[in-house]
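**Student:** Any chance you can model this:
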Amino acid sequence: MAELKKLSESRDLTRIERIGAHSHIRGLGLDSSMEARAVSEGMVGQLPARKAAGLILQLIRDGKIAGRAILLAGQPGTGKTAIAMALAKSLGQETPFASISASELFSLELSKTEALTQAFRRAIGVRIKEEAEIIEGEVVEITIDRPVSSSSTSKTGKLTLKTTDMETVYELGAKMIEALNKEKVQSGDVIALDKASGKVTKLGRSVGRSRDYDAVGPHTKFVRCPDGELQKRKEVVHCVTLHEIDVINSRTQGFLALFTGDTGEIRAEVREQIDTKVGEWREEGKAEITPGVLFIDEVHMLDIECFSFLNRALENDMAPILVIATNRGITNIRGTNYKSPHGIPPDFLDRLLIVTTQPYSADEIRKILDIRCDEEEVEMSNDARVLLTKIGVETSLRYAIHLITAAALACQKRKGKIVEMEDVSRVYGLFLDVKRSTQYLMEYQSQYMFNEVPGDADDEAMQS
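**Tutor:** The predicted structure follows:
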């Protein structure tokens, strides 16, 4: 018994939970009239920027905006990436959202334009509709005839299904018997059989058979017996992205290439054929195009060639919504000697709807720190939170957030349960912020190699 206890304790200790920088964000935090709440769904402050993002969200959902670009511009640590993540959460699973960092394009084996094309097509969804013939009814009886001799492996059987209007007996083969056994189908279950693929779906237990057992599990679902014909035609919708269709059609191993990640360069002829086919499906009503969102962070890292490509790509009929973010001011456009706002060429800036973010106030920093403490499951005293807020105002919000877990570990080391001011002060002394680190370098610059800051150190070096 003691061994079993030890085993269970070791399993609990080795359970790891990952908490990301934006894992606390659930959405944009807007009300029904698209007004931003002060604190909602993990978002704090930035009311004008969130309201603007809410309008973009509404336009995307209505399908009235495509091939547009939005720039989130602001100082570091003002929540630009958080707004983009909140937009992705608000869109839901149906709308594709692809996220990349601009520096990724220069570290891939692909060319820059190919990597951007793949990112664009990853953000364009295709809803393919097809009609499937299904057999839906309540199982009356299943009989399986097992072979007498062990050498004969083929099984046969009969399945009796009924609706409120009719009842039919079906002959079963070995594959169908295996599928029914896998789903643990028994008399009284309501099932659906796909005629083309042979897939068996258990819809639930018939209401008429609810009194067969005195007790049932919490996951048991009771449904009514279907009415009408047993065989029906049902519309099935498959949601894929254009990039997934590209990979499946350009690789010999088909969709397995999606799991390996070895997509490689995809030829332009393949994409043209796919675009033509998707266009035909669209005209026939078999498919719908869903423009999604492509988010490029640190966009100032793109060079002039990438911006030229984006200019052309946004004019395409099937372009997604492009959301880009940067924290740069007036700086060089990469690949040129020209300066421009945010390091973006003026002709591309002209295409953008610019949303600015403002620095957080002390009250907003306190609320963000409260949310992060809850997310990281750290109990912190009020005095410690006040001190952490002061640190966040004087240094940066990111630095203050990093100190939460460090202070919790310091508290744990002294066997405390609530993080106090002394824990925050201790980790503040252990880990430097940017200002203190720079000050330290300025004081001891002569002791570092290859120092390029002009000053007394250069004069001393010249004299010696």
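
**Student:** Mind pulling up the pLDDT for the closest residue to Tyr170 other than its chain neighbours?
**Tutor:** Among residues not flanking Tyr170 along the chain, Leu159 sits closest, at 4.7 Å (C-beta to C-beta, 6 or more residues apart in numbering). All C-beta spots, glycine's among them, are computed from the backbone N, C-alpha and C. Listed pLDDT for Leu159 reads 83.

**Student:** Identify, by residue count, the longest strand of the chain.
**Tutor:** strand 124-145 (DSSP state E).

**Student:** Check which residues of the helix or strand that comes right after it are buried.
**Tutor:** The helix or strand immediately downstream of strand 124-145 is strand 156-162, counting by DSSP states H and E. Across strand 156-162, burial judged by 16 or more other C-beta atoms under 10 Å covers 157, 159-162.

**Student:** pLDDT-wise, which helix or strand of this structure ranks last?
**Tutor:** helix 2-13 (a mean of 40; mean pLDDT, DSSP states H and E).

**Student:** quick one, strands of the stretch 301-450 of the chain?
**Tutor:** 321-326, 330-332, 339-341, 352-356 (DSSP state E, counting those that start in this stretch).

**Student:** Go through those strands and pick out the most buried.
**Tutor:** strand 321-326 (a mean of 25; mean count of other C-beta atoms under 10 Å).

**Student:** what's the burial count for the closest residue to Ile371 other than its chain neighbours?
**Tutor:** Of all residues not flanking Ile371 in the chain, His24 sits nearest, at 5.4 Å (C-beta to C-beta, 6+ apart). Neighbour count of His24, defined by other C-beta atoms under 10 Å: 17.

**Student:** Tell me the secondary structure at His24.
**Tutor:** coil (DSSP: H, G, I helix; E, B strand; the rest coil).

**Student:** so the residue nearest to Tyr170 sits right up against Ile144, yeah?
**Tutor:** No. Taking contacts as C-beta atoms under 8 Å, Leu159 lies outside contact range of Ile144: 9.4 Å.

**Student:** Now for those two: what residues contact both?
**Tutor:** Common contacts of Leu159 and Ile144, defined by C-beta atoms under 8 Å, 6 or more residues apart in numbering, comprise Leu172.

**Student:** how much space between the nearest residue to Arg205 once chain neighbours are set aside and Val323?
**Tutor:** Computed as C-beta to C-beta, 6+ apart, the closest residue to Arg205 that is not its neighbour in sequence is Phe222, at 5.3 Å. Counting by C-beta to C-beta, to the nearest Å, the gap from Phe222 to Val323 is 45 Å.

**Student:** Help me confirm that Ile296 is found in a strand?
**Tutor:** Yes. Under three-state DSSP, Ile296 falls within a strand.

**Student:** before we move on, the earlier item: mind listing what the longest strand of the chain pairs with, with the direction of each?
**Tutor:** Strand 124-145 has the following strand partners under DSSP bridges: strand 156-162 (antiparallel), strand 189-194 (antiparallel), strand 231-241 (antiparallel), strand 287-291 (antiparallel).

**Student:** Could you measure from Cys411 over to Val419?
**Tutor:** Shown here: Cys411 relative to Val419, a distance of 5 Å by C-beta to C-beta.

**Student:** returning to that earlier point: next, the residue nearest to Arg205: phi, psi?
**Tutor:** Phi and psi for Phe222, reported as degrees, to the nearest 10, are phi -100, psi 130.
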